[in-house]
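[1] mind folding the following:
(chains A, B, C and D)
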2 protein chains.
Amino acid sequence: MDSMIRVVIVDDHKILTEGLKGLIDGSGSAIVVGVAHSAAECRLSLGFWKPDVLLLDVGLPDISGLDFCKEVKTQFPAINVLALTTHDEYSIVRQMLDNGASGYLIKNAMTEEVLAGIQAVAAGGTFLCHEVDLLLKRPREKHIWLTERERELLKLIAEGLTNGEIADRIFLSPETIKSYRKNLLLKLDAKNTAVLVRIAIEQKLIG
Amino acid sequence: MDSMIRVVIVDDHKILTEGLKGLIDGSGSAIVVGVAHSAAECRLSLGFWKPDVLLLDVGLPDISGLDFCKEVKTQFPAINVLALTTHDEYSIVRQMLDNGASGYLIKNAMTEEVLAGIQAVAAGGTFLCHEVDLLLKRPREKHIWLTERERELLKLIAEGLTNGEIADRIFLSPETIKSYRKNLLLKLDAKNTAVLVRIAIEQKLIG
DNA sequence: GATAAAAACCCCCTTTAGGGGGTATCGTAG
DNA sequence: CTACGATACCCCCTAAAGGGGGTTTTTATC
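    Residues are numbered from 1 along each chain as shown, chains lettered A, B, ... in the order given. Sure, this is the predicted structure:
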């Protein structure tokens, strides 16, 4: 059929992709034209598969799904990316959408939402599963969002560098690092470095 | 058929459970007699389903799969638990096996391994997927394993408590906490608290 | 052209963490 | 019976973090 939506799945969980393929193929409105278990595997065949929709996991074994999404949208702007992942953190959702994804599904979403999402993004629209929709609608103050510099510093702090070491590394005054650090504690509502690092990892604020 | 292995799946990823059910039912040797998306849901029907094998996820929405495994093995010792999760950390595998699981599968394992695992544990044996088998065979020094007390302290440190606050909380001398802290830095090869907390979370050493 | 946010910088002072040593008790596996 | 690991405790000293205040410049946005 000409009207069939061509779907490609990229996810390293083989059990999930098998089940998903059956689900989509059985829907009557879409067909899985390719499955890859890594970004590298997907790159090799994407031009050949020519999908309308790319179902993309964030936690790929080789590179981050965030980066791969940006890569795909640059090379194939016509492909509509639908994120499919376990992550329900604001930071990940926001980065994925910023990188060009048209929709976002959480893996414990209803199976019907998968089909609805595929149809919505294939038609050029956007789709968010219920949980993510609620997440993004929360007041701005609830969302933790850091600047590039802040994320950079947070990463170095989590790697165990002291203010002095960070200062040497990125050619800034130790006093500046101290200021950023104090500001991060404020922004993330952390009492000290231990909590700062915990929140950074839990909220996936650092790569 | 009498020889069919009765399987119950407990996993909150609905897409995965659907696919998995098809896979198992189609194998000819096993049949899915029940699916639950939370521990609570499973508790209600487990006595009725009477499975031979319980396919159990670690990341359940209500309680930890680790605790639920112990609970099931206490109430129904005859049920063979086969862990099915994304976690490939030594700490999780070890705790799961200590809590009575007969096998351990990682979600990106081959689908054939799922069926092989089900048959092995149904027969009273054990089964580890390839990756986990390799993990457990690594020299002991590579595995981070903490005592109860150390895990307790690590958790409190990650919550941002100072030595003094921890001392007050668990009725020990602040000097004792300091000693434990130094020892944890050594054991986890961490330079400071920031790295300590990062490793603790990444290696899933704290609940 | 005002406004605001980000980025960079500075000083004073107190608290906490970290590095270096130790000691004593208990239980258990060799 | 002894050797070891786990638990709990102690002192000295330095390094680093945290709390409190600031200032300036640039760069977007309205």
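[2] show me where pLDDT drops low in chain A?
    Where chain A drops to pLDDT under 70, the residues are A:1-2.
[3] do a quick rundown of the helices in it.
    Under the criterion DSSP state H, chain A contains helices at A:14-25, A:39-49, A:65-75, A:90-98, A:111-122, A:130-137, A:148-158, A:163-170, A:174-187, A:193-202.
[4] ok, whichever residue of chain A sits closest to DNA strand D - contacts?
    As assessed by Cβ to the nearest atom of the strand, DNA strand D sits closest to A:Asn192 within chain A, at 3.1 Å. Backbone N, C-alpha and C define where each C-beta goes, glycine included. Each residue near A:Asn192 by Cβ atoms under 8 Å, 6 or more residues apart in numbering or on different chains is listed here: A:Leu185, B:Gly160, B:Thr162, B:Thr193.
[5] if we go to 7 Å?
    B:Gly160 (Cβ atoms under 7 Å, 6 or more residues apart in numbering or on different chains).
[6] these two touch, right, A:Ile31 and A:Ser3?
    No - assessed by Cβ atoms under 7 Å, A:Ile31 is found out of contact with A:Ser3, at 10.5 Å.
[7] and the gap between the residue of chain A closest to DNA strand D and DNA strand C?
    6 Å (Cβ to the nearest atom of the strand, to the nearest Å).
[8] can I get the helices of chain A in a markdown table including mean neighbour count?
    A markdown table is the format used below for the helices of chain A (neighbours: other Cβ atoms under 10 Å in any protein chain shown):
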| stretch | mean neighbour count |
| --- | --- |
| helix A:14-25 | 20 |
| helix A:39-49 | 16 |
| helix A:65-75 | 19 |
| helix A:90-98 | 19 |
| helix A:111-122 | 20 |
| helix A:130-137 | 14 |
| helix A:148-158 | 18 |
| helix A:163-170 | 16 |
| helix A:174-187 | 15 |
| helix A:193-202 | 21 |
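[9] for B:Val8, which of the ones you listed is the nearest?
    Among the helices of chain A, helix A:14-25 comes nearest to B:Val8, with 16.2 Å by Cβ to Cβ.
[10] please report phi then psi for the nearest residue to A:Lys155 once chain neighbours are set aside.
    Closest residue in space to A:Lys155, ignoring its immediate chain neighbours: A:Ile206 at 4.6 Å, by Cβ to Cβ, 6 or more residues apart in numbering or on different chains. Backbone torsions of A:Ile206, given as degrees, to the nearest 10, read phi -120, psi 150.
[11] A:Ile206 contacts A:Ala200, doesn't it?
    Yes - under the criterion of Cβ under 7 Å, A:Ile206 makes contact with A:Ala200 at 5.1 Å.
[12] common neighbours of these two, please.
    A:Leu154, A:Ala158.
[13] ramachandran angles for the nearest residue to A:Leu115 once chain neighbours are set aside?
    Excluding its sequence neighbours, the residue lying closest to A:Leu115 (Cβ to Cβ, 6+ apart) is A:Ser27, at 5.2 Å. In this entry, A:Ser27 is assigned phi and psi values of phi -80, psi -30 (degrees, to the nearest 10).
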